[in-house]
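Novice: attaching a predicted model along with its sequence, questions to come.
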Amino acid sequence: MPLPRFHVDLSLQPGARLALPDSVTHHALRVLRLREGDEVVLFDGRGGQYSARLEIQGKQAYAQLGAYDPREAELPGRVILAQALPSGDKMDWVVEKAVEVGAAAIQPLAAARSVLRLSGERLEKRVQHWRRVAIAASEQCGRNRIADVGAPITPQQWLERPVEDGTVRLLCDPDAELRLTEWAAGVGTPPTTIELLVGPEGGWSNEEYALAREHGVCMVRFGDRILRTETAGTALISALSAKLGWV
């Protein structure tokens, strides 16, 4: 059985003893029922991890850190999922699964046909919730870095921002002539960053398609089936990772 893993937003050093945050203490003692002396793994999101042993004093859990382990579980290339906001709580699933398959960042997009509309305090709470989902997913899947989850912006804002050299943008379009596998087969040296744009349930608007073409985005389709918006990103990242030799 893998050891329980916890993200802590603290400076970690070999041999240090630290009080675990309340949320981690609750999860370790009340949810997982861990006991004095149990071994766990801690990571701070900056890369690598630490073995640790639990010490319990009353309701407070402490961790006695062991050696630093530089283990990483990141993809060789950086993948950013730009996901149009889906309806309901589907974004939770999108974030969780995107982190599991290796996305470095998830950027929610308030597309023209997005059903979910967020603003003010409700928006802030939802973004913080998605970031907690990303942390939990990293704890579960063995990643020692936390995928960034941005606050929603419009597709225009996303497309018009400057991008680094070596970045390729792909838009998931079920009517595209070019298959994702065909693009991957002809890419040669894999790009350093791939941005995947996935539309909402109602699809991209004509204006959004035009804006994407204007900014040099490549339209690709996954296959002969139309994927749900909450499925497409995970499927595309997984297929790209396989075709580019990243897994």
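Specialist: Ah, there it is. Predicted model only: the values in this text are computed from it and were never measured.
Novice: burial count for residue 220?
Specialist: For residue 220, the tally of surrounding residues (other C-beta atoms under 10 Å) stands at 21. Just so you know, the C-beta spots here come from the backbone N, C-alpha and C atoms, and that holds for glycine as well.
Novice: and the gap between residue 14 and residue 48?
Specialist: Taken as C-beta to C-beta, to the nearest Å, the spacing of residue 14 relative to residue 48 amounts to 11 Å.
Novice: which neighbours do those two share?
Specialist: Common neighbours of residue 14 and residue 48, counting by C-beta atoms under 8 Å, 6 or more residues apart in numbering, are residue 68.
Novice: give me the more crowded residue out of the two.
Specialist: Set side by side, residue 14 and residue 48 give different neighbour counts by other C-beta under 10 Å, the larger being at residue 48 (14 against 10).
Novice: ok, that one - contacts?
Specialist: The neighbourhood of residue 48, defined by C-beta under 8 Å, 6+ apart, consists of 68, 69, 70, 71, 72, 144.
Novice: contacts for the longest helix anywhere in the chain, please.
Specialist: Of all the segments assigned as helix in the chain under DSSP state H, the longest by residue count is helix 120-141. Taking C-beta under 8 Å, 6+ apart as the criterion, the residues outside helix 120-141 that touch it are 5-7, 43, 45, 73, 91-92, 95-97, 99-100, 106, 108, 118, 143-152.
Novice: now the buried members of the residues you listed.
Specialist: 5-7, 43, 91-92, 95-97, 99-100, 106, 108, 118, 143-147, 149-150, 152 (16 or more other C-beta atoms under 10 Å).
Novice: in helices only, show me those residues.
Specialist: Counted as lying in helices by DSSP H, out of those, are 91, 92, 95, 96, 97, 99, 100.
Novice: got those as a markdown table, with pLDDT and distance to residue 123 columns?
Specialist: Listed next are those as a markdown table, based on pLDDT from 0 to 100; distance: C-beta to C-beta, whole Å:
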| residue | pLDDT | distance to residue 123 |
| --- | --- | --- |
| 91 | 95 | 12 |
| 92 | 97 | 15 |
| 95 | 98 | 15 |
| 96 | 98 | 20 |
| 97 | 98 | 22 |
| 99 | 98 | 21 |
| 100 | 97 | 25 |
